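Participant: just need the structure, nothing else, for what follows:
(2 chains)
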Amino acid sequence: MRKLLVANRGEIACRVLRSAKTLGLGTVAVYSEADVQSLHVKRADEAILIGPAKAKESYLDFERILGAAREAGAEAIHPGYGFLSENAGFAQRVLDSGLTWIGPTPAQIRDMGDKERARGIAESAGVPVLTGSQRFLVGEIDCIFEAGESVGYPLLVKASAGGGGIGMRLVEQPDQLEAVVKSTQAMAERSFGDGTIFLERYIPKARHIEIQVFGFGGGRVVHFYERECSIQRRFQKVIEEAPASNLPENVREKMAAAAVSLAESQSYEGAGTVEFILDAETSDFFFLEMNTRIQVEHPVTEMTTDVDLVALQIKFARGDDLSAFTQASINQVGHAIECRLYAENPTKMFLPSPGTLETLILPQSTDRVRVETGVIEGDVITPYYDPMLVKLICSSETRRESLSMMADSLAETKIEGIAHNVSFLEKIVRHRDFQNGDTFTGFIDEHRASLIG
Amino acid sequence: MAHEVELQTAGNMWKVMVKPGDYVKSGDTLFIMEVMKMEVPHEAPIDGTISAVNVNEGEEGLDAGMVAVVID
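Facilitator: Residues are numbered from 1 along each chain as shown, chains lettered A, B, ... in the order given. Coordinates of the predicted model:
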């Protein structure tokens, strides 16, 4: 492997290009008409225009990307995250074209991408899953009490056609179940034209904790410990850290072991993340999903385990001898935190905000403050792609120190010309409850008044 | 009294649910923009009849503040 094409844009394209260069590879960027001036185009040795702004006709177009690889003579494709990174069909096309795909096998991507199948695989690997009941059509209520007992209380009655919190009702006691099921079915039929419901265990205070794994094939898998990603808005992460605060050591070990056994059962190849929901009160944890790509928040793992995960992906794909990479050689040291800077308006329900980046002043990159940017001052932030602009990552020996460095880094950051979430992030990082490690997925909603406005 | 519904953000028009002459109730979704991978629905602020629709599905590069729909 001498030349690598990055099928992505923004900060992750820049990030992958950096590791590829470090490994001595030639680099190829691809770009759409909206990205002619973009940073990733400038960072690569060569860059190829692959189509119009619409992702479907550029960054998501299999043939245009493969054509660019042929044109540049690239032997390998790194998909980054998002776009085609978890598209099994694309991974297969890359392999069929005689190129190296930097990621798991197409079958592994397909299995984990199907939520039902992934749940089944996790269950067979002995990983706890959050069980849902069968579906109940309107008027169907016969075995509802048995279903309630097997799911456990408190539980949620969820409309199958609902989503994003709509069509969801909480039931604390069995004697409320029948009435709530009937009213949810009626409501769902009116709102969605489909009154089907199911029951799911409710976790009052949940944390999102995930384990970074890496598989070398043949069933050999190592883990790089956990990341906590509980600080979310609109079900998307904004702050991540490693290690997780106040996580009992035996729970951490059990989660890591569960993630490894899941990946081992698949003879998983490459970087992956097993996501869990953790009940903050009971420390019970349940499998959510497995992501078969490098994640946005991978730097917090890199900064606490002293590994370059992207370089590891490339080395594995090109067949380097990685037998020295054993679990015993991987230690988690210190603490790291990442904040995602978005072009969005926290006071307007996090509405995305395209526009011109008239000012962009970021903290100086050091060995403890890492700045991952996909943009520079003067860039036009178009409405076509993800609103994430920059990631700031700070690390130190203790959580207290890295949080303090992050608060200072955010205070130094200046963005003008578009709405952004920098001061919102700073308020979270300086919040007393966050500093005490009282992190849970409802954090932003719970503290809305003191964080927004 | 006519009420003008403006685009809350720059972006692309994904779906338009109304046409002139339609009667809408306050809270009904008029159209959905697609901005940076996010759906941004715009709802009717009042009950009334649609008197103008100035946007088309698939239109790209629309500016914030543009009057998209007028309700009488």
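Participant: average pLDDT across the helix or strand hosting residue A:259?
Facilitator: Using DSSP states H and E, residue A:259 falls within helix A:249-265. Mean pLDDT, helix A:249-265: 98.
Participant: cool, stretch A:431-438 as well?
Facilitator: If you average the pLDDT over stretch A:431-438, you get 97.
Participant: give me the contact list for it.
Facilitator: Applying C-beta atoms under 8 Å, 6 or more residues apart in numbering or on different chains, the external contacts of stretch A:431-438 come out as A:231, A:245-246, A:399-400, A:403, A:428, A:443, A:447, A:450-451. Bear in mind the C-beta positions are built from the backbone N, C-alpha and C, glycine included.
Participant: if we can go back for a sec, which element follows the helix holding residue A:259 toward the C-terminus?
Facilitator: Per DSSP H and E, the helix or strand that comes after helix A:249-265 is strand A:269-279.
Participant: can I get the lowest-mean-pLDDT helix or strand in chain B in PDB, CA atoms only?
Facilitator: Ranked by mean pLDDT, DSSP states H and E, the weakest helix or strand in chain B is strand B:38-43, scoring a mean of 87. Listed next in PDB are the C-alpha coordinates belonging to strand B:38-43 (Å, rounded to 0.1, in the frame of the first residue of the first chain):
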ATOM      1  CA  MET B  38     -31.000  17.800  10.200                       C
ATOM      2  CA  GLU B  39     -34.700  18.000   9.400                       C
ATOM      3  CA  VAL B  40     -36.000  21.500  10.300                       C
ATOM      4  CA  PRO B  41     -39.800  21.500  10.200                       C
ATOM      5  CA  HIS B  42     -41.600  24.800  10.100                       C
ATOM      6  CA  GLU B  43     -45.100  25.000  11.600                       C
END
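Participant: mind listing the strands the next helix or strand after it pairs with, and their directions?
Facilitator: Following strand B:38-43 in sequence order, the next helix or strand is strand B:48-53 (DSSP H and E). Strand pairing for strand B:48-53, using DSSP bridges, gives strand B:23-24 (antiparallel), strand B:67-71 (antiparallel).
Participant: mark which of the contacts of stretch A:431-438 are buried, thanks.
Facilitator: Neighbour-count burial (16 or more other C-beta atoms under 10 Å in any protein chain shown) is assigned, among these, to A:231, A:245, A:399, A:403, A:428, A:443, A:447, A:451.
Participant: tell me how far residue B:47 lies from chain A.
Facilitator: Residue B:47 sits at a distance of 19 Å from chain A (criterion: C-beta to the nearest C-beta, to the nearest Å).
Participant: just checking, that residue touches residue B:24?
Facilitator: Yes. At 7.0 Å, residue B:47 counts as touching residue B:24 under the criterion of C-beta atoms under 8 Å.
Participant: between those two, tell me which one has more neighbours.
Facilitator: residue B:24 (20 against 12; other C-beta atoms under 10 Å in any protein chain shown).
Participant: OK, contacts around the more buried one?
Facilitator: Taking C-beta under 8 Å, 6+ apart as the test, what residue B:24 contacts is B:18, B:30, B:44, B:47-50, B:71.
Participant: top of the residues you listed by neighbour count?
Facilitator: Neighbour max across the contacts of residue B:24 (other C-beta under 10 Å) = residue B:71, 24 neighbours.
Participant: near chain A, which residues of chain B are found?
Facilitator: Neighbours of chain A within chain B, by C-beta under 8 Å from any C-beta of the partner chain: B:8-12, B:34-38, B:40, B:60-61.
Participant: buried subset of the residues you listed?
Facilitator: In terms of neighbour count (16+ other C-beta under 10 Å), the buried residues within the residues of chain B next to chain A are B:8-12, B:34-36, B:38, B:40.
Participant: so can I have a markdown table of the residues you listed showing distance to residue A:41 and secondary structure?
Facilitator: Formatted as a markdown table, those follow (distance: C-beta to C-beta, whole Å; DSSP: H, G, I helix; E, B strand; the rest coil):
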| residue | distance to residue A:41 | secondary structure |
| --- | --- | --- |
| B:8 | 31 | coil |
| B:9 | 26 | coil |
| B:10 | 23 | coil |
| B:11 | 23 | strand |
| B:12 | 22 | strand |
| B:34 | 24 | strand |
| B:35 | 23 | strand |
| B:36 | 20 | coil |
| B:38 | 25 | strand |
| B:40 | 28 | strand |
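Participant: can you list the buried residues in stretch A:51-62?
Facilitator: The neighbour-count check on stretch A:51-62 (16+ other C-beta under 10 Å) flags A:51, A:53-55, A:58-62 as buried.
Participant: does it reach chain B?
Facilitator: Yes. With C-beta under 8 Å from any C-beta as the criterion, chain B is reached by stretch A:51-62 at A:53-54.
Participant: just the endpoints, please. Distance across that stretch?
Facilitator: Taking C-alpha to C-alpha, to the nearest Å as the measure, stretch A:51-62 stretches 12 Å from start to finish.
Participant: for stretch B:56-70, same thing?
Facilitator: Using C-alpha to C-alpha, one end of stretch B:56-70 lies 14 Å from the other.
Participant: which outside residues touch that stretch?
Facilitator: Here stretch B:56-70 has contacts from A:53-54, A:383, B:2-16, B:18, B:30-31, B:33, B:42, B:50-55, using C-beta under 8 Å, 6+ apart.
Participant: got the angle for the helix holding residue A:259 vs strand A:269-279?
Facilitator: 140 degrees (axes from the mean of the first three to the mean of the last three C-alpha atoms, to 10 degrees).
Participant: follow-up on the earlier one: redo the strands paired with strand B:48-53 as a markdown table? Include distance to residue A:2 and mean pLDDT.
Facilitator: Below are those laid out as a markdown table (distance: least, C-beta to C-beta, whole Å; pLDDT from 0 to 100):
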| stretch | distance to residue A:2 | mean pLDDT |
| --- | --- | --- |
| strand B:23-24 | 60 | 94 |
| strand B:67-71 | 51 | 96 |
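Participant: pLDDT weak spots in the stretch 201-350 of chain A?
Facilitator: Within the stretch 201-350 of chain A, not a single segment meets pLDDT under 70.
Participant: residue numbers of chain A in contact with chain B?
Facilitator: Contact residues (C-beta under 8 Å from any C-beta) of chain A with chain B: A:53-54, A:234, A:343-344, A:348, A:351-355, A:383-387.
Participant: whichever strand or helix holds residue A:30 pairs with which strands?
Facilitator: Counting by DSSP H and E, the element that carries residue A:30 is strand A:26-32. Strand pairing for strand A:26-32, using DSSP bridges, gives strand A:3-6 (parallel), strand A:46-51 (parallel).
Participant: packing partners for the helix or strand that the shortest one is followed by?
Facilitator: This means strand A:3-6. Per DSSP H and E, the first helix or strand lying C-terminal to strand A:3-6 is helix A:10-22. If you count contacts as 3 or more C-beta pairs under 8 Å, 6 or more residues apart in numbering or on different chains; DSSP states H and E, helix A:10-22 packs onto strand A:3-6, strand A:26-32, helix A:39-43, helix A:309-317, strand A:369-373, strand A:388-396.
Participant: what comes up buried for helix A:10-22?
Facilitator: Of the residues in helix A:10-22, A:10-20 count as buried by neighbour count, 16+ other C-beta under 10 Å.
Participant: which member of the residues you listed is positioned nearest chain B?
Facilitator: Within these, the smallest distance to chain B is 11.3 Å, found for residue A:10 (C-beta to the nearest C-beta).
Participant: check contacts around the closest one.
Facilitator: By C-beta under 8 Å, 6+ apart, the residues touching residue A:10 are A:38, A:40, A:374-375, A:385-386, A:388.
Participant: would residue A:182 count as being in a helix?
Facilitator: Yes. The assignment for residue A:182 by DSSP: H, G, I helix; E, B strand; the rest coil puts it in a helix.
Participant: how about the contacts made by it?
Facilitator: residue A:141 are the contacts of residue A:182 under C-beta under 8 Å, 6+ apart.
Participant: great, nothing more from me.
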